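Q: Need a 3D model of the following:
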Amino acid sequence: MKYDEYFIAKNLTYSPLDLRKARVLVFIHLFLIFIAASFAIANSLYPSVDSPATIPGIAIGVALTIIFKRFGNFWISGNLLAFILFLIFLESVFATGGLYSDNLLWMMATPLIAILFANSRSGMVWLGILLIVTVYLYIIDLQSPGFYRNQTAELDGLYYLITYCGLFVMLIGIVLIFATGQSMIIRALDEKQKELTKQKAELSRQAQALIAAEEKLKSINIELEQFAYSASHDLKEPLRMIGSYVTLIKRKLGTDLDKNTLEYIGFITDGVGRMEKMLNDLLQYSRLGRNKDQLKDHDLNDTLLMVIQNLMTSMEHTNTAIYSSPLPVLSSSAVEMIQLFQNLISNSIKFRKPNIAPVIGITYHDGAENHRFMFMDNGIGIPEKNRQSVFNIFERLHSIQDYEGSGIGLATCKKIVNNLGGTIWVEPEKEDGTTFVFTIPKGGNN
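A: Numbering: from 1, shown residues only. All right, here's what the predicted structure looks like:
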């Protein structure tokens with residue numbers, strides 16, 4: 001509440017329990033001031049009305065409020081309020097019949113106030129004082145001069161004494177039991193809230209650390225991509241120069257070269273060609289995901305048809321058959337989805353079994369949260385120990401003499417899928433051939 005700072009000490013605002021008690025105590029102080037002011041107004045309007053001392057009442061209410069704000073101590077303020085109420089009710093008890101006054105019941109507010117705002121020990125002290133006052137009233141009643149006392153009158157006084165004392169003890173005992181239980185529950189809840197607050201702060205700290213680490217990782221990835229782009233671009237020129245000079249040497253010397261020298265030149269030329277292809281692939285790999293802001297909806301059925309047209313020559317040469325379920329429209333880069341499909345299909349064609357025509361099945365499942373794609377073939381398969389490493393850049397499971405390529409195709413597939421917020425893997429339960437599975441989340445890509 002915005003008015004707490006005017007009436008409540010700052011040290012009482014940190015605990016929800018203390019703050020609630022402080023608000024109730026302030027309300028009682030202000031209520032006393034309001035009652036005293038109301039009597040003062042009534043006394044000024046109707047002078048004949050018998051009214052208690054109102055100005056001292058207002059002054060006492062203001063003083064209690066200032067003391068509570070200044071010290072912020074429940075023990076002091078609770079006992080002071082109990083003392084003021086005790087004096088007020090005691091005066092009214094003596095004025096309205098002593099032991100037989102109904103106002104004696106109101107004196108129970110004194111230990112109750114002490115229990116609620118000071119502590120249970122203070123409440124017990126005020127209960128003892130209240131019992132002493134009640135016994136004193138009984139003694140005064142017995143010794144009242146001029147009053148004809150018989151056995152019945154004495155029993156009446158004793159009845160009131162026992163009734164009031166029993167009622168005081170019983171009521172305060174019940175309040176103590178409930179106050180203690182409530183205090184234990186509130187204290188446990190308060191400790192739990194503090195623990196949750198600490199856990200929340202720790203989670204917030206960890207979240208901030210993760211955000212900082214993610215930003216740092218993004219920065220590192222950007223630097224690595226820039227390095228890969230620069231390296232692949234800058235190294236192409238020296239390779240071209242090596243290839244050109246080797247070609248010039250071969251032309252100049254011509255028939256003067258022996259068989260071994262021609263073979264060595266062939267190795268150099270072949271190595272330069274493969275290195276240049278690797279650099280081109282690396283350059284293409286470094287450019288993946290740079291146009292995230294230009295993603296558009298593309299029909300993957302059209303993407304598959306375009307890939308089939310690109311691979312038509314190798315498919316006819318190997319009698320490859322491709323079967324596909326209907327594919328969705330996906331927000332993506334058209335060029336990168338062509339690369340993804342083409343790399344997976346050409347991978348299945350390349351790693352086919354001898355004398356067996358490749359058969360490639362493409363299935364799509366529309367999940368609740370993800371698009372799920374499966375590319376299955378009847379090829380030579382991937383050993384279980386290599387089913388994760390095949391997605392590493394320049395990772396090769398076979399020699400260049402057995403299967404050509406730079407070993408960057410599946411790494412490209414993984415980067416394309418990851419850039420869309422998805423995951424790609426090799427299905428582990430496949431016994432014959434290879435099944436690549438990748439998922440792409442719905443509702444916007446990362």
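
Q: the strands in this structure, which residues?
A: Under the criterion DSSP state E, the chain contains strands at 296-299, 321-324, 329-332, 359-366, 370-377, 423-426, 435-441.

Q: between those, which gets nearest to residue 20?
A: Nearest of these to residue 20, taken as Cβ to Cβ: strand 435-441 at 46.1 Å. The way it works is simple: take the backbone N, C-alpha and C, and place the C-beta from them, glycine included.

Q: what's next to the closest one, contact-wise?
A: 330, 332, 344, 367, 369-377, 413, 417, 420-427 (Cβ atoms under 8 Å, 6 or more residues apart in numbering).

Q: Could you turn the buried ones of these into a PyMOL selection?
A: To isolate the buried ones among the contacts of strand 435-441 in PyMOL, judged by 16 or more other Cβ atoms under 10 Å, type:
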select buried, resi 330+332+344+370+371+373+375+376+377+413+417+420+422+424+425+426
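
Q: least trustworthy helix or strand in the protein by mean pLDDT?
A: helix 259-286 (a mean of 69; mean pLDDT, DSSP states H and E).

Q: how about the helices in the stretch 101-250 of the chain?
A: Secondary structure of the stretch 101-250 of the chain (DSSP state H, counting those that start in this stretch): helices at 103-106, 109-113, 120-142, 151-253.

Q: Would you mind giving the ones you listed as a markdown table with mean pLDDT, distance to residue 259 and mean neighbour count added?
A: Below are those laid out as a markdown table (pLDDT from 0 to 100; distance: least, Cβ to Cβ, whole Å; neighbours: other Cβ atoms under 10 Å):
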| stretch | mean pLDDT | distance to residue 259 | mean neighbour count |
| --- | --- | --- | --- |
| helix 103-106 | 85 | 124 | 17 |
| helix 109-113 | 87 | 114 | 23 |
| helix 120-142 | 87 | 108 | 18 |
| helix 151-253 | 73 | 13 | 12 |
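
Q: among the ones you listed, which is nearest residue 6?
A: helix 109-113 (22.5 Å).

Q: starting at the chain centroid, how far to the closest one?
A: 45 Å (Cα atoms, centre = their mean, to the nearest Å).

Q: Output that helix in CSV, but only the C-alpha positions, please.
A: What follows is helix 109-113, C-alpha atoms only, in CSV (Å, rounded to 0.1, in the frame of the first residue of the first chain):
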residue,chain,number,x,y,z
ALA,A,109,-8.9,-7.1,25.0
THR,A,110,-5.8,-6.2,27.1
PRO,A,111,-4.1,-9.7,27.0
LEU,A,112,-5.4,-10.3,23.5
ILE,A,113,-3.7,-7.2,22.2
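
Q: Name the residues that touch it?
A: In contact with helix 109-113 (Cβ under 8 Å, 6+ apart) are residues 28, 78, 81-82, 85-86, 89, 123-124, 126-127, 129-130, 168, 171-172, 175.

Q: Kindly recompute the last result at 7 Å.
A: With contact meaning Cβ atoms under 7 Å, 6 or more residues apart in numbering, helix 109-113 is reached by 78, 81, 82, 85, 86, 123, 126, 127, 130, 172, 175.

Q: pLDDT wise, what is the fourth one at?
A: What the model reports for residue 85 is a pLDDT of 88.

Q: One more: the third one?
A: Here, the pLDDT recorded for residue 82 equals 90.

Q: right, and it touches residue 125 too?
A: No. Look at residue 82 against residue 125 with Cβ atoms under 7 Å: they stay out of range, at 9.3 Å.

Q: Now tabulate the helices of the stretch 101-250 of the chain in JSON lines and tack on distance to residue 442.
A: Shown next, in JSON lines, are these (distance: least, Cβ to Cβ, whole Å):
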{"stretch": "helix 103-106", "distance to residue 442": "69"}
{"stretch": "helix 109-113", "distance to residue 442": "62"}
{"stretch": "helix 120-142", "distance to residue 442": "60"}
{"stretch": "helix 151-253", "distance to residue 442": "22"}
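
Q: closest to residue 262 out of the ones you listed?
A: So among the helices of the stretch 101-250 of the chain, helix 151-253 is nearest, using Cβ to Cβ, at 7.7 Å.

Q: So this protein: which segments form each domain?
A: Using automatic domain parsing, the domain parsing of the chain gives 4-202, 292-441.

Q: Can you give the distance of the last one from its chain's centre?
A: Right, domain 292-441. Distance of domain 292-441 from its chain centroid, counting by Cα atoms, centre = their mean, is 37 Å.

Q: Show the average pLDDT along that domain.
A: 84.

Q: Repeat that for stretch 8-24.
A: Per-residue scores along stretch 8-24 average to 82.

Q: do you know how far residue 66 is from residue 75?
A: Distance, residue 66 to residue 75, using Cβ to Cβ, to the nearest Å: 17 Å.

Q: List the contacts of stretch 347-360.
A: In contact with stretch 347-360 (Cβ under 7 Å, 6+ apart) are residues 314-315, 318-322, 345, 375, 377-380, 403, 409-410.

Q: Repeat that for stretch 303-319.
A: So stretch 303-319 is contacted by 322, 324, 327, 334, 337-338, 341-342, 345-346, 349, 352, 357-358 (Cβ under 7 Å, 6+ apart).

Q: Name the residues of it that come out as buried.
A: 303, 304, 307, 308, 311, 315.

Q: okay, the residues you listed in a markdown table with distance to residue 117 next?
A: Output for the buried residues of stretch 303-319, formatted as a markdown table (distance: Cβ to Cβ, whole Å):
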| residue | distance to residue 117 |
| --- | --- |
| 303 | 75 |
| 304 | 78 |
| 307 | 80 |
| 308 | 84 |
| 311 | 85 |
| 315 | 88 |
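
Q: now, which of those lie within helices?
A: Mapping the buried residues of stretch 303-319 onto helices (DSSP state H) picks out 303, 304, 307, 308, 315.

Q: now these as a markdown table including distance to residue 109?
A: Output for those, formatted as a markdown table (distance: Cβ to Cβ, whole Å):
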| residue | distance to residue 109 |
| --- | --- |
| 303 | 83 |
| 304 | 85 |
| 307 | 88 |
| 308 | 91 |
| 315 | 96 |
